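**Q** Turn this into a model:
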Amino acid sequence: MSDGGRIERRVVEALEGLGLAWELIPIDPAYADTAAFCERYAVPLDHSANTIIVASKKAPKQFCACVVGATTRLDVNHTVKRLMDVSRLSFASAEETQALTGMALGGVTVFALPPDLPVYVDASLLTLPWIILGGGSRSSKIKVSPEVFRRIASARIVPGLGVDA
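**A** Next comes the predicted model:
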């Protein structure tokens, strides 16, 4: 089984343990990036969210996962810096993200992340009836109620994590 298949299986196992209805949507990997996915599959951009891995710049390197709506940008320089209690940070590289999560950009999801990785979720996402998240690989997405974030042990709901783009 490919790494993507192993990751997807871990994602499914994580979702099954959360007690909510969800849907695994197979997609063409060429359309895994959020804007391309939404356009190709006629999904409203405001119902999609991105899971972004952020890294501190100084050693010892720290990481966190942040989930924000696709129509917002992550407030890295204020909110995330305060949450991580570091002076400088940036988006993790594709290589760092892959090494930490086992997932490629375009497929990163909050499900099946390392258990000690802090997860911060923009509070505005909880107002939606449903949301699309990465499926763990570039060949799937997950449709689920944002209530799922309240059921992830490592997740913290944060007002203002996403700001207007």
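
**Q** what are the phi and psi angles of residue 39?
**A** phi -70, psi -50 (degrees, to the nearest 10).

**Q** so what's it up against?
**A** When contacts are counted by C-beta atoms under 8 Å, 6 or more residues apart in numbering, residue 39 touches residue 31. In short, each C-beta sits where N, CA and C put it, glycine included.

**Q** 10 Å instead, please
**A** The contact partners of residue 39, by C-beta atoms under 10 Å, 6 or more residues apart in numbering, come to 31, 45.

**Q** what about this structure, any weak spots by pLDDT?
**A** Residue ranges of the chain with pLDDT under 70: 1-4.

**Q** Which stretches in it count as helices?
**A** 3-16, 34-41, 81-84, 94-101 (DSSP state H).

**Q** quick one, which of the ones you listed is nearest to residue 140?
**A** helix 3-16 (6.0 Å; C-beta to C-beta).

**Q** Any idea how far that closest one is from the middle of the chain?
**A** 14 Å (C-alpha atoms, centre = their mean, to the nearest Å).

**Q** Numbering from 59 from now on, please.
**A** Got it, first residue is 59 now, which makes that one helix 61-74.

**Q** what's the angle between that helix and helix 152-159?
**A** 50 degrees (axes from the mean of the first three to the mean of the last three C-alpha atoms, to 10 degrees).

**Q** out of everything not next to it in sequence, what's closest to residue 187?
**A** residue 203 (7.3 Å; C-beta to C-beta, 6 or more residues apart in numbering).

**Q** Quick check: the one you found vs residue 182, distance?
**A** 15 Å (C-beta to C-beta, to the nearest Å).

**Q** Counting neighbours, go ahead and name the busier of these two.
**A** residue 182 (20 against 16; other C-beta atoms under 10 Å).
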